[in-house]
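Asks: please work out how this folds:
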Amino acid sequence: MQTSDWFTSILDEFIAHLKIDKNRSDNTLRSYQTDLELFFENCASQNIKNLKDIDLNNMRNWLADLKSKEVTNTTISRRVSSLKVFFNWAIKTKKINQNPTLRLISPKINKTLPNILGSKQAVALLDSSANLEDEQDSVAIRMRDHAILEILYATGIRVSELVGLDLKDISFSNQTLKVLGKGQKERIVPFGIPAKEALEVYLKESRLDFETSQSNQAVFLGQRGKRLNVRQVRRILEKAIERLSDVKQVSPHDLRHSAATHMLEGGADLRIVQELLGHASLATTQKYTHVTIERLREVFANAHPRA
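Replies: Okay, here's the model as predicted:
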């Protein structure tokens, strides 16, 4: 991307602020970097050479251009948010006197309910992954994959948190994991007996088959002995789903959605679920209450004689 040296300098300063002062994750930093580089590239094409010369019309024209290129409202909304955060920082650091984003409006996003497995479907998925016979994969791989699915569903942790687990993060006596979440925030997450048993079997009977000098303390290893990555875990879930005819395609994040929804359906307090999932805002957790309400309506419609 071709941005001027001046914009590059101020963008580097802003990204450093997010990393050092705000402790933002690498993924978040990349999103801000991409969004703002695209905007500054657009500014450069209009011969804008100073941050103070950027106004609301520049932003609106850029967003209109994105819309004409069929960029989704979700992406445009994220880029608006990036602009607002950046220019708020620019105001606080006295780089500009007026904030051009004050009247900048994000496009409306059609809110969709999370994709959720039914509790019986979740059990079927986990029971199927526990079957170590008649499969192309080795028993060691099946043990590892079963432990991964059990932990994902039992805890509701993010896949990035799962692949970041080290052996020291597991407490079998307390049946808890120490998880490093967004913003480098640590939290303790409990897991149940099925997940404990699957994890113990993997660590005692399977992990050694993957271990190399590169493994270090990583819990879940790939065939070359390195720490599994997010893409590999996604493929593990896809393969598990393929073995079941009546279970729709779900992502690892959908398994997290399912765990949260099933906890709430089981009577868990909303704030406890918020803590377990590592949500900074209760509003993020509250979307799962909408799922349970929708499910109640569906059951009512199908079962009540006067629905």
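
Asks: just the terminal-to-terminal distance for stretch 175-188.
Replies: Length of stretch 175-188, first residue to last, C-alpha to C-alpha, to the nearest Å: 10 Å.

Asks: give the buried residues for it.
Replies: 175, 176, 177, 179, 180, 181, 182, 187 (16 or more other C-beta atoms under 10 Å). C-betas here are computed from N, CA, C, even on glycine.

Asks: go through these and name the one nearest residue 203.
Replies: Residue 203 lies nearest to residue 177 out of the buried residues of stretch 175-188, by C-beta to C-beta, at 13.0 Å.

Asks: once you drop chain neighbours, what's closest to the closest one?
Replies: Spatially, and ignoring its direct neighbours in sequence, residue 177 is nearest to residue 189 (5.0 Å; C-beta to C-beta, 6 or more residues apart in numbering).

Asks: now do residue 77
Replies: By the measure of C-beta to C-beta, 6+ apart, the closest residue to residue 77 outside its immediate chain neighbours is residue 106, 4.3 Å from it.

Asks: ok, now which ones touch that neighbour?
Replies: By C-beta atoms under 8 Å, 6 or more residues apart in numbering, the contact list for residue 106 reads 76, 77, 80, 81.

Asks: next, give phi and psi for it.
Replies: Here the main-chain torsion angles of residue 106 (degrees, to the nearest 10) amount to phi -80, psi 150.

Asks: circling back to that earlier point, show the buried residues in the contacts of residue 106.
Replies: Neighbour-count burial (16+ other C-beta under 10 Å) is assigned, among those, to 76, 77, 80, 81.

Asks: gap between the last one and residue 208?
Replies: As for residue 81, its distance to residue 208 is 46 Å (criterion: C-beta to C-beta, to the nearest Å).

Asks: now swap in residue 126 and tell me
Replies: Taking C-beta to C-beta, one finds residue 126 at 24 Å from residue 208.

Asks: quick check: end-to-end length of stretch 173-192?
Replies: 12 Å.

Asks: then stretch 261-278?
Replies: End-to-end distance for stretch 261-278: 15 Å, by C-alpha to C-alpha.

Asks: how far is it from where the chain is centred?
Replies: Centre-to-centre, stretch 261-278 and its host chain are 17 Å apart (C-alpha atoms, centre = their mean, to the nearest Å).

Asks: do the same with stretch 76-83
Replies: Taking C-alpha atoms, centre = their mean, one finds stretch 76-83 lying 18 Å from the centre of the chain it belongs to.

Asks: looks to me like residue 189 is in a strand.
Replies: Yes - counting by DSSP: H, G, I helix; E, B strand; the rest coil, residue 189 is part of a strand.

Asks: residues contacting it?
Replies: With the criterion set at C-beta under 8 Å, 6+ apart, residue 189 makes contact with 155, 156, 157, 176, 177, 179, 276.

Asks: for residue 225, same thing?
Replies: Going by C-beta under 8 Å, 6+ apart, residue 225 touches 210, 211, 212, 213, 214, 215.

Asks: residues near the first one, how many?
Replies: So the one you mean is residue 210. A count of nearby residues for residue 210, using other C-beta atoms under 10 Å, gives 20.

Asks: again, but for the last one
Replies: By the criterion of other C-beta under 10 Å, residue 215 has 18 neighbours.

Asks: and it, helix, strand or coil?
Replies: Taking three-state DSSP as the rule, one finds residue 215 in the coil state.
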